[in-house]
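**Student:** kindly return the folded structure for what I paste below:
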Amino acid sequence: MKYICQCCGEEKEDWPALAYNAPYFYSCLSEEELKDAELTSDLCIVDDSENIHRFIRTVLVQEVIDDCRDLDYGIWVSLSEKNFNEYVENYDNKEFETEYFGWLSTYLPDYDFQESVPTTVVVNNSVGRPFVFPHQSYDHPFVYDFYNGITKEEAEKRINRVLNRE
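**Tutor:** Alright, predicted model coming up:
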């Protein structure tokens, strides 16, 4: 979709969101393990006999420092049982707003993740899916890029990689 950008006055075309259909944990399950998992477009539960893992789909907006557009990600975070249940109970409540602690549960190919990144999940059901903000104090290139922005060239490289145009 092309439009005239109100920021710079140039004709722009929206970038696609880099969306992930399932948490990384889910995508690593065997055929047998998938029998003990539930996945919808917004929720995922995996019972691995030792633990029950709960995930929700969220949005992360990455600033692009040399463009008027931002790069949107559709990513997953894990929540505690209490927070997951509260989120599900209020899923259709348009007035529900809260914040949760969550762990990034999407593998982003642009980064090396030895462990998950802690996040704050901001829920405001009147605007749609929750937004995710990595904890600024966590030392990781992903967190640095989130708070300092990426270039248009880097954003387009990521989009092309996901669309298999590289």
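**Student:** for whichever strand in the chain runs longest, buried residues please.
**Tutor:** Assignment by DSSP state E gives strand 52-62 as the longest strand of the chain. By 16 or more other C-beta atoms under 10 Å, the buried positions in strand 52-62 come out as His53, Arg54, Phe55, Ile56, Arg57, Thr58, Val59, Leu60, Gln62. To be clear about C-beta, it is placed using only N, CA and C from the backbone, and glycine gets the same treatment.
**Student:** mind giving me the packing neighbours of it?
**Tutor:** helix 24-27, strand 43-47, strand 71-78, helix 81-89, strand 131-134, helix 141-148 (3 or more C-beta pairs under 8 Å, 6 or more residues apart in numbering; DSSP states H and E).
**Student:** can I get these in TSV including mean pLDDT?
**Tutor:** Formatted as TSV, those follow (pLDDT from 0 to 100):
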stretch	mean pLDDT
helix 24-27	94
strand 43-47	97
strand 71-78	96
helix 81-89	98
strand 131-134	98
helix 141-148	96
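**Student:** and the longest helix anywhere in the chain, what does it pack against?
**Tutor:** Secondary structure of the chain read by DSSP state H shows that its longest helix is helix 152-162. Contacts defined by 3+ C-beta pairs under 8 Å, 6+ apart place helix 152-162 against strand 18-19, strand 71-78.
**Student:** could you dump the longest one to CSV, C-alpha only?
**Tutor:** Output in CSV follows, covering the C-alpha atoms of strand 71-78 (Å, rounded to 0.1, in the frame of the first residue of the first chain):
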residue,chain,number,x,y,z
LEU,A,71,9.7,-2.2,11.7
ASP,A,72,7.0,-4.2,13.4
TYR,A,73,7.5,-7.7,14.8
GLY,A,74,4.8,-10.2,15.8
ILE,A,75,6.6,-12.1,18.5
TRP,A,76,5.8,-14.4,21.4
VAL,A,77,6.6,-14.1,25.1
SER,A,78,6.1,-16.6,28.0
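**Student:** what about it, distance to the chain center?
**Tutor:** 1 Å (C-alpha atoms, centre = their mean, to the nearest Å).
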